[in-house]
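Enquirer: Below is the sequence, then the predicted model.
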Amino acid sequence: MNSNITKVTTHTNPNEALIFERSQPGRIGYRLPPLDVDEQPIGELVPKQFLRDDDLEGVPEVSEVDVIRHFVRMSMWNYSIDQGMYPLGSCTMKYNSRLNEKVARIAGFAGLHPLTEAADAQGALQVIYELQEDLAEITGLPAISLQPAAGAHGEMTGVMLIRAYIDARDGEGGSAKRRTMLIPDSAHGTNPASAHLSGFSVKTIRSTAEGLTDLDHLRELCAGGDVAGLMLTNPNTLGLFERNIQEICRTVHNAGGLVYMDGANMNALVGVARPGDMGVDVIHLNLHKTFSTPHGGGGPGCGPCCCTKELEPFLPVPRIVKEGDEFKVDFNYPQSIGRVKAFFGNYGMMLRALAYIQTHGNDGLREATEAAVLNARYIAHGLTSDYDKPFDAPPMHEVVFTDKRQSRKGVHTLDIAKRLIDYGFHPMTIYFPLIVQGAMLIEPTESVGRQELDQFIEAMQSIAREAVETPDLVLNAPHDTRIGRLDEAAAARKPVLRWKPNARADAAQ
Amino acid sequence: MRYIPNSPEERTEMLHQVGLNSAAELFDSIPKELRLSRELNTTPALSEIELLAGFDRLATHNTGARPISFLGAGAYQHYIPTVVDHIISRSEFFTAYTPYQPEIAQGTLQAIFEFQTLVCQLTGMEVANASMYDGSTALAEAVLMAERVTRRSKVVACGAIHPEYLEVITTYVQHAGIELQHAALDSKTGQTSGVATLLDDKTAALVVQSPNFFGCIEDVAALAEKAHAVGALLIVSVTEAISLGLLRSPGACGADIVVAEGQSFGVPLSFGGPYVGLFATREKYARQIPGRLVGEAFDKQGRRGFVLTLATREQHIRREKATSNICTNEGLIALASTVYLETMGRRGLQEVAQQCAQKTAYAAREIGALSGYSIPFTGPRFNEFVVRAPADAKQLLARLASENSITAGLALSRYFPDRPNEFLVCVTELNSRTQIDALVEALASQTS
């Protein structure tokens, strides 16, 4: 097998095969203490028909050194926040503090079993309780469940709360007529998917030319009498604060519906304005965005669901409550939608988020919001002369541009994004929101200094010039990575989703 | 604030550059009455020294984090090689985003491709996704997928599925028009019985956990046959993934969807999360899988790379018609599992599983021989078993904790009020014979 490994790259990083291609029979990467009880023939413990008979064929055999080099080499192919600006709009890629990592690894937390009796887990429960209290203060919504594992999970939870509330309020007959969830055309795809999971059908609200929710369309849709709620992101995914939010909430409430807010963009609001004060009934937060818990290449996240007193009886169980000086695990919520995840949720993320909140302090939280919005405003200011900015209003924490000017020369958003890689930056979010053609959604966060913002602006300006003068340079980017643009269409037509021994030989035949 | 690079002076200059006089003006688009006119009522900023002291103090209140523990029931203490935490602590992995730009995310993508392969190998299945939140939500998604595949609306759950997993399924299916029925448990063997009468041509799936919640290994192959006889899928849930190193893979037994909690593969207990859900199925169902998939792809020069693929199943394309709403999954924990599996390797995974089974057999023999105690279920076991005590188990375990500093297991009354005297014991490679003997002695002393 080994002789078949072909060096597939000219990149300066060492090439690294799949671990399965590196495996050599007999290599060992572990050692356990010898078995210290009398060994019985395994067939006497477990009947033979229940035992594995494939000797785990294909599972790699490598040494510890092989493992370390394997992953360290692979890691060098990744861009990361610690390397530089990661301006993915709507993703809030801010600095992940090492201190928070240390807190999550304190033995008394990391080694604690989730089924430990509450009396023996008071410290862990206090962390949950304190984080709940802090998030209630930050959102202005008093009742919280930290159980959801990610943003979409929090959305599902929030929408289920709305469903349960309406079912209880209207009774079976009444609630059956109320199965429509309104979602703006600029929303994250998770919103309609989460609504669907809760048995709602989705109606889309148009955005205005200004980039805000179309109030007239909202009123029109609300007049149908079947509206259960609205799922709204604020600031919206165009980076604009929905300044009519109170009127929006009133309209939905008057129509008998509830307002769900997608909290993906809370980094624009912490310490400045609170969804609860705006009329929002329920929100999810992304601790892995606003509260800096690491994205980890795609999770873990944590998606707390925060709601009004009216919705509280329906929150997932168990709830963590305080009675006197004692923290308790409370299952006694008969109207609860039920459990959305085993145990207490992604607890390690809660430790990190609480450490983030305490490290910032109340004034630091607001300071971070101001710095994040200022950085976005600075980029908006710096790019306006070279790129089309479809909405005039000043952005909050993120700003959307388009490829309108560059596309006249055949250079599109994807090309600009790929070219940014050559300049040492991770690209922005592209082609989202869907309502903006050729969208480039840029969110710098507060974790970027002025020099780097200037460098980013200069890189974008340079790409704009290249689009005119040397478009091929942009169209064929990136030039400096381990691999070039991959043929994603071919990959999806005939998906290869796992390694198999001799797969290439098979394919050749 | 030390995490904000720009000094207050620099920020003032930047404000002027964009035409503003104060930070407050940044928020002019928010109606005045909605702007918070006071400071947040959260704690003032803490230094690193103060913060660590505070969390260290809280950690000491977690008296349950004892060195001697026999608590399992869905979350397990296993040896974690030092390299695992080292690798997942690398900036390049833990501070990266979802790999949407494959040219600068090949590290993450190749690791996920290896993860998917390892999950297939261990479960005996053909395709696996990039991870789910955990075992419980993976199981709920499997149930929803079975409904999509079969277009049938009834799901039969075997007798001893983790109670919290059952709760999660119940939550997920409540608006999906799926009826959940429960098969009985044979009170003697501790295995599922009487499934056949519940299965019919409306059944989308039969769901079984093996080893089940009481530690008994189910006859998965026989259950697969019964499910397939009525055209239903068999969903197998594994909460103790280490068992896959010893037991016949669910795929080899005929499973159609396999889900597992991957926490045993190098992930700390951490009071219940973050863990990682494994999700695998047959190739013919690949386009019905929830969540992300990584596949092989090539660039113009023919160089191999990896890329997120089959995205047309997912929410950002399909919106309400997506196979799931999942977006962020458990990337870094999947990486931890990958590092664990590759470090332990083909031999280590088998040896860990063997040690668990041997030590568990020893513990069960010793405890079963104690006067007043019995092992009620006769079914074969992996690394957990139920003990019937002569008195209330919750009180007994509390005494062992306070008098002997031993966490002896889980009092089943937490989930099953009709089992007041029973508790679930879990033994892993981390429990030395000395610890097991200490447990046996402590249990004996409680009756004398």
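Expert: Sure, I can see it. Numbering: from 1, shown residues only, chains lettered A, B, ... in the order given.
Enquirer: Tell me the residues on the stretch 151-300 of chain B that lie near chain A, please.
Expert: If contacts are counted using CB under 8 Å from any CB of the partner chain, the residues of the stretch 151-300 of chain B sitting beside chain A are B:162, B:164-165, B:167-168, B:170-172, B:174-176, B:217, B:219, B:221, B:244-249, B:252, B:261, B:268-274, B:276, B:286, B:292-300. In this view, the C-beta of every residue, glycine as well, is placed from N, C-alpha and C.
Enquirer: Need the buried ones from those residues selected in ChimeraX.
Expert: Remark: buried members of these, expressed as a ChimeraX selection using 16 or more other CB atoms under 10 Å in any protein chain shown:
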select /B:162,164,165,167,168,170,171,172,174,175,176,217,219,221,244,245,246,247,248,249,252,261,268,269,270,271,272,273,274,276,286,292,293,294,295,296,297,298,299
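Enquirer: quick check, the lowest-mean-pLDDT helix or strand in chain B touching chain A?
Expert: Using mean pLDDT, DSSP states H and E, the weakest-scoring helix or strand in chain B turns out to be helix B:315-318, at a mean of 82. Yes. For a cut-off given as CB under 8 Å from any CB, helix B:315-318 has contacts with chain A, namely B:315, B:316, B:317, B:318.
Enquirer: List the contacts of the third one.
Expert: When the contact criterion is CB atoms under 8 Å, 6 or more residues apart in numbering or on different chains, the partners of residue B:317 are A:189, B:311.
Enquirer: the strands in the stretch 201-350 of chain B, which residues?
Expert: Counting by DSSP state E, counting those that start in this stretch, the segments of the stretch 201-350 of chain B that form strands are B:203-209, B:233-238, B:257-261, B:277-281, B:293-298, B:304-309.
Enquirer: Direction included, what does the second one pair against?
Expert: Neighbouring strands of strand B:233-238 in its sheet, by DSSP bridges, are strand B:203-209 (parallel), strand B:257-261 (parallel).
Enquirer: Of those strands, which is nearest residue A:317?
Expert: Of all the strands paired with strand B:233-238, it is strand B:257-261 that lies closest to residue A:317, at 20.2 Å by CB to CB.
Enquirer: So residue B:142, which state does it fall into?
Expert: The local conformation at residue B:142, judged by DSSP: H, G, I helix; E, B strand; the rest coil, is helix.
Enquirer: Pull the contacting residues for it.
Expert: Contacts of residue B:142 by CB under 8 Å, 6+ apart are B:205, B:207, B:235, B:237, B:257, B:259, B:279.
Enquirer: Local confidence estimate at residue A:9?
Expert: On the pLDDT scale, residue A:9 is placed at 48.
Enquirer: in the stretch 251-400 of chain A, what spans have low per-residue confidence?
Expert: Flagging of the stretch 251-400 of chain A using pLDDT under 70 yields an empty set of residue ranges.
Enquirer: which residues in it form helices?
Expert: Ranges of helices within the stretch 251-400 of chain A are A:275-278, A:347-383, based on DSSP state H, counting those that start in this stretch.
Enquirer: Can you give me the distance of the nearest residue to residue B:337 once chain neighbours are set aside to chain A?
Expert: Closest residue to residue B:337 in three dimensions, ignoring its sequence neighbours and counting by CB to CB, 6 or more residues apart in numbering or on different chains: residue B:265, at 3.9 Å. Distance, residue B:265 to chain A, using CB to the nearest CB, to the nearest Å: 12 Å.
Enquirer: Which parts of the least confident helix or strand of chain B count as buried, going by neighbours?
Expert: The neighbour-count check on helix B:315-318 (16+ other CB under 10 Å) flags B:315, B:316, B:318 as buried.
Enquirer: repeat for stretch B:3-15
Expert: Within stretch B:3-15, the residues that qualify as buried are B:3, B:4, B:5, B:6, B:10, B:11, B:12, B:14, B:15, counting by 16+ other CB under 10 Å.
Enquirer: Pick out whichever of the residues you listed sits closest to chain A.
Expert: Nearest to chain A among the buried residues of stretch B:3-15: residue B:5, at 3.3 Å, using CB to the nearest CB.
Enquirer: Hmm, the closest one is touching residue A:445, no?
Expert: No. With the criterion set as CB atoms under 8 Å, residue B:5 and residue A:445 do not qualify as a contacting pair; they are 10.6 Å apart.
Enquirer: how many neighbours does residue A:148 have?
Expert: Taking other CB atoms under 10 Å in any protein chain shown as the neighbour definition, residue A:148 ends up with a count of 27.
Enquirer: and it, what does it touch?
Expert: Here residue A:148 is in contact with A:154, A:156, A:157, A:284, A:302, A:303, A:304, A:305, A:316, A:340, A:341, A:345 (CB under 8 Å, 6+ apart).
Enquirer: wait, what's in contact with residue A:320?
Expert: Taking CB under 8 Å, 6+ apart as the criterion, residue A:320 is in contact with A:125, A:128, A:129, A:132, A:146, A:327, A:328, A:329, A:330, A:344.
Enquirer: which of these come close to chain B?
Expert: Counting by CB under 8 Å from any CB, the members of those that reach chain B are residue A:344.
Enquirer: Show me where chain A has its strands.
Expert: All strands of chain A, identified by DSSP state E, fall at A:143-145, A:180-184, A:201-205, A:227-233, A:258-262, A:282-284, A:305-307, A:319-323, A:326-330, A:399-402, A:429-430, A:439-442.
Enquirer: so how far is residue A:370 from residue B:136?
Expert: Distance of residue B:136 to residue A:370, given as CB to CB, to the nearest Å: 40 Å.
Enquirer: Settle it for me: which of the two has more neighbours?
Expert: Summary of the neighbour comparison: residue B:136 and residue A:370, criterion other CB under 10 Å, with residue B:136 having more neighbours (32 against 21).
Enquirer: So that one lies in a strand, does it not?
Expert: No. Under three-state DSSP, residue B:136 falls outside any strand and is assigned helix.
Enquirer: ok, now how distant is it from chain A?
Expert: Distance of residue B:136 to chain A, computed by CB to the nearest CB: 4 Å.
Enquirer: Could you pull up the contacting residues of that residue?
Expert: Residues in contact with residue B:136, defined by CB under 8 Å, 6+ apart, are A:339, A:341, A:342, B:162, B:164, B:165, B:168, B:169, B:261, B:277.
Enquirer: hmm, 7 Å instead?
Expert: Residue B:136 sits next to A:341, A:342, B:164, B:165, B:168 when contact means CB atoms under 7 Å, 6 or more residues apart in numbering or on different chains.
Enquirer: can you check residue B:188 too?
Expert: For residue B:188, the set of contacting residues under the criterion of CB under 7 Å, 6+ apart consists of residue B:378.
Enquirer: Same check on the one 5 residues further on?
Expert: Applying CB under 7 Å, 6+ apart, we find residue B:193 in contact with B:184, B:185, B:186.
Enquirer: ok, of the residues you listed, which come out buried?
Expert: Buried by 16+ other CB under 10 Å: B:185, B:186, out of those.
Enquirer: Kindly reformat the contacts of residue B:193 as TSV containing pLDDT and secondary structure.
Expert: Output for these, formatted as TSV (pLDDT from 0 to 100; DSSP: H, G, I helix; E, B strand; the rest coil):
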residue	pLDDT	secondary structure
B:184	93	strand
B:185	94	strand
B:186	96	coil
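Enquirer: closest to chain A among the contacts of residue B:193?
Expert: Minimum separation from chain A among these (CB to the nearest CB) is found for residue B:186, which lies at 15.8 Å.
Enquirer: Specify the beta-bridge partners of the nearest residue to that closest one once chain neighbours are set aside.
Expert: What sits nearest to residue B:186 in space, not counting adjacent residues and going by CB to CB, 6+ apart, is residue B:193, at 4.1 Å. Judged by DSSP bridges, the bridge partners of residue B:193 are residue B:184.
Enquirer: Wait, residue A:196 touches residue B:318, no?
Expert: No. Residue A:196 is not in contact with residue B:318 according to CB atoms under 7 Å; the separation is 9.9 Å.
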